[in-house]
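Visitor: Sequence and predicted structure are below.
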Amino acid sequence: MAQSLCVTHNTIGQFIIGLSENDTIYLYELWVETNQTTLLFQKFEQQFAEFLITFNNVITFYTLNEIQIMTLNFADLIIINQTSIRYFQQNPFQYLLLFKQL
């Protein structure tokens, strides 16, 4: 049974629907014009509190003050922990450079 739902879309008719269940996120990529569907899923080592889908990334929030940002194919991963958050507060331009890399 799904616990969370998140949806994003763009102007070219692509929808990305994310469903979470315990420690797994299922991504459904839907193309409106061609009626094609792709399924990707990722099982995480620890249970996350929430997740968010942008058009390029999946962002997972953990209760232990950690954020993980990965590409939609789950290939590239950036982990932001409490130490990193304090660093970015002191150096906000590093934060912008980090997201430009994704």
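Guide: Sure thing, it's come through.
Visitor: What is the neighbour count of D76?
Guide: 12 (other C-beta atoms under 10 Å). Heads up, the C-betas are built off the backbone N, CA and C, glycines and all.
Visitor: Start the count at 889 instead of 1 going forward.
Guide: Right, with 889 as the first residue, what we last looked at is D964.
Visitor: Would you mind confirming that it is in contact with M958?
Guide: Yes: shown here, D964 and M958 form a contact pair, counting by C-beta atoms under 8 Å, at 6.0 Å.
Visitor: Now do the end-to-end distance for stretch 929-949.
Guide: Its start and end residues considered, stretch 929-949 measures 17 Å (C-alpha to C-alpha, to the nearest Å).
Visitor: for that stretch, the distance to its chain's centre please.
Guide: Here stretch 929-949 is found 4 Å from its chain centre; the criterion is C-alpha atoms, centre = their mean, to the nearest Å.
Visitor: averaged over its residues, what pLDDT does it have?
Guide: Averaged across stretch 929-949, the pLDDT comes to 87.
Visitor: Give the buried residues for it.
Guide: For stretch 929-949, the neighbour count (16 or more other C-beta atoms under 10 Å) marks 932, 936, 939, 941, 945-948 as buried.
Visitor: Just to check, F936 is in contact with I947?
Guide: No: if you go by C-beta under 8 Å, F936 and I947 don't touch, sitting 9.8 Å apart.
Visitor: Give the intersection of the neighbour lists for the two.
Guide: Listed as contacting both F936 and I947 by C-beta atoms under 8 Å, 6 or more residues apart in numbering are Q956.
Visitor: How about F929, nearest residue that isn't a chain neighbour?
Guide: Closest residue in space to F929, ignoring its immediate chain neighbours: Y914 at 4.5 Å, by C-beta to C-beta, 6 or more residues apart in numbering.
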